[in-house]
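# Structure for the following, please:
(one chain, ligands or ions: 2)
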Amino acid sequence: MTATLIDGKAFAATVRGKVATHVARLKEAQGITPGLAVVLVGDDPASEVYVRSKGKQTVEVGMNSYEHKLPAETSEEDLLALIERLNADKDVHGILVQLPLPAHLDEALVINAINPAKDVDGFHISNVGLLGTGQKAMVPCTPLGCLMMLRDHHGSLSGLNAVVIGRSNIVGKPMAQLLLGDSCTVTVAHSRTKDLPEVVKRADIVVAAVGRAHFVQGDWIKPGASVIDVGINRIPAPEKGSHEDGSVKTRLVGDVDFEAAKDVAGAITPVPGGVGPMTIACLLANTLTACCRVHGLAEPEGLTA
Ligand SMILES: NC(=O)C1=CN([C@@H]2O[C@H](COP(=O)(O)OP(=O)(O)OC[C@H]3O[C@@H](n4cnc5c(N)ncnc54)[C@H](OP(=O)(O)O)[C@@H]3O)[C@@H](O)[C@H]2O)C=CC1
Ligand SMILES: Nc1nc(=O)c2c([nH]1)NC[C@@H]1CN(c3ccc(C(=O)N[C@@H](CCC(=O)O)C(=O)O)cc3)C=[N+]21
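Numbers count the residues shown, from 1 in each chain. Ligands and ions are numbered 1, 2, ... in the order given. Predicted structure coming up:
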């Protein structure tokens, strides 16, 4: 292994520590406790795990957590009514609607119903527009976490060639905007990109957000490049044995062939323990930021884009 391992789990603990310190000060000096509402529609087991983990970490940094679990068959009208209530609730500074939503619900409509000042995911069209024009926005948590780790490793990102693989609204596009904001030369690759290995080979920074296990090969990586692996893929792990019901156990892997890439890259994030924990830490940071902004108070330093 030649690459520096970027320890997202440790980095996230540091971010949560900063959030906790600031939250304690807010309570002490202003009597304000930031609050995060998480809305989960349906009973997808993976989503339930994330939501539980978010709720636990929210409480650990001293903030209030409000969980709203709705049945899968919830109507759009009822979901929008809940969002209206949360928009109006002074104790709620951040609102996150866990995605994906069941198919009968219009995701864009629901997300755009959130008060943009409380949109801690940064998915509302107002925040997307603000980010795209370089104005103060709520920034999507996963790309923000990636940016924090890259800034920490490189100091300045100015002039570096960055390749983002994936163009989704929640990861790829906002990631590209943030890197551009830090003066990288940004290429956004996707499923129609020609000669992806050659495109990746030019990159000083590679952010992989594809959703395919071990997709990015070691020999695509430019020696010394920084590799940020956003992918969360569950693959069968027969070596771990079987569950009681006979189904084979699984393990979590990223979008990068870590074993091969770690011998070429200059720095790399692991999966698990990389971008995932940073995503949740940034959600807490965004909730704190939203709370400070709504009260006209100084924002935490180093926790925004
Ligand atoms: N760690 C974390 O906190 C988070 C992790 N994730 C994970 O990140 C990954 C990506 O998520 P998300 O952005 O939502 O995924 P999407 O499925 O929305 O987007 C995937 C992107 O990858 C591109 N792509 C697919 N196949 C190829 C290919 N063969 N070559 C090049 N590009 C390709 C697609 O291109 P096209 O547009 O042309 O179809 C698309 O732009 C997933 O594994 C997800 O689980 C997501 C959110 C948070
Ligand atoms: N509105 C909304 N906002 C999101 O930010 C959002 C979402 N919906 N839907 C689902 C995706 C996915 N996501 C992850 C968060 C943390 C980990 C994480 O902590 N992963 C751990 C491992 C966890 C495990 O073992 O399963 C790790 O990588 O180390 C992963 C994925 C947020 N998402």
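# C-alpha only now, for contacts and for neighbours.
Noted.
# Near ligand 2, which residues of the stretch 151-300 of the chain are found?
Contacts of the stretch 151-300 of the chain with ligand 2, taken as CA under 6 Å from any ligand atom, map to 271-277, 279-280.
# So Val92: helix, strand or coil?
coil (DSSP: H, G, I helix; E, B strand; the rest coil).
# got CSV for the residues of the stretch 151-300 of the chain next to ligand 2, with distance to Gly55, secondary structure and neighbour count too?
Formatted as CSV, those follow (distance: CA to CA, whole Å; DSSP: H, G, I helix; E, B strand; the rest coil; neighbours: other CA atoms under 10 Å):
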residue, distance to Gly55, secondary structure, neighbour count
Val271, 22, coil, 24
Pro272, 20, coil, 20
Gly273, 19, coil, 16
Gly274, 20, coil, 27
Val275, 18, helix, 31
Gly276, 15, helix, 23
Pro277, 13, helix, 22
Thr279, 14, helix, 23
Ile280, 10, helix, 24
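# Up against ligand 1, what does the stretch 1-150 of the chain have?
So far as CA under 6 Å from any ligand atom goes, the stretch 1-150 of the chain lies against ligand 1 at Thr142.
# just the helices in the stretch 1-150 of the chain please.
Assigned by DSSP state H, counting those that start in this stretch, the stretch 1-150 of the chain shows helices spanning 8-30, 45-60, 76-88, 107-111, 125-132, 141-154.
# just flag whichever of those helices has the lowest average confidence.
Sorting those by mean pLDDT places helix 45-60 lowest, at a mean of 93.
# Go through the helices of the stretch 1-150 of the chain and pick out the most buried.
Mean neighbour count (mean count of other CA atoms under 10 Å) peaks for helix 141-154 among the helices of the stretch 1-150 of the chain, with a mean of 21.
# Point out the other helices and strands that it packs with.
Packed against helix 141-154 by the contact rule (3 or more CA pairs under 8 Å, 6 or more residues apart in numbering; DSSP states H and E) you find helix 172-181, helix 275-294.
# hmm, back to that, between the helices of the stretch 1-150 of the chain, which one is closest to Lys69.
helix 45-60 (9.3 Å; CA to CA).
# Let's verify Val206: helix, strand, or coil?
strand.
# separation between the residue nearest to Pro102 when sequence neighbours are not counted and ligand 2?
Excluding the flanking residues, the one nearest Pro102 by CA to CA, 6 or more residues apart in numbering is Ala72, at 6.6 Å. To ligand 2, Ala72 is 15 Å away according to CA to the nearest ligand atom, to the nearest Å.
# cool, and Val59?
Taking CA to the nearest ligand atom, one finds Val59 at 16 Å from ligand 2.
# so that residue makes contact with Ser65?
Yes: counting by CA atoms under 8 Å, Val59 touches Ser65, with 6.3 Å between them.
# quick one: the residue lying closest to Val92 once chain neighbours are set aside from ligand 2, how far?
Nearest in space to Val92, with sequence neighbours left out and distances taken as CA to CA, 6+ apart, is Gly35 at 4.7 Å. Distance, Gly35 to ligand 2, by CA to the nearest ligand atom: 16 Å.
# Name whatever forms a beta bridge with Gly35.
Beta-bridge partners of Gly35, counted by DSSP bridges, are Asn64.
# what sits against it?
When contacts are counted by CA atoms under 8 Å, 6 or more residues apart in numbering, Gly35 touches 63-66, 91-94, 287.
# Out of the residues you listed, the closest to ligand 1 would be?
Using CA to the nearest ligand atom, Thr287 is the member of those that lies nearest ligand 1, at 16.4 Å.
# still on that earlier bit, run through the residues of the stretch 151-300 of the chain next to ligand 2 and flag the ones next to ligand 1.
Among these, the residues lying close to ligand 1 (CA under 6 Å from any ligand atom) are 275-276, 279.
# Show me where the stretch 201-305 of the chain has its strands.
Ranges of strands within the stretch 201-305 of the chain are 205-208, 226-229, 233-236, 250-253, 267-268, based on DSSP state E, counting those that start in this stretch.
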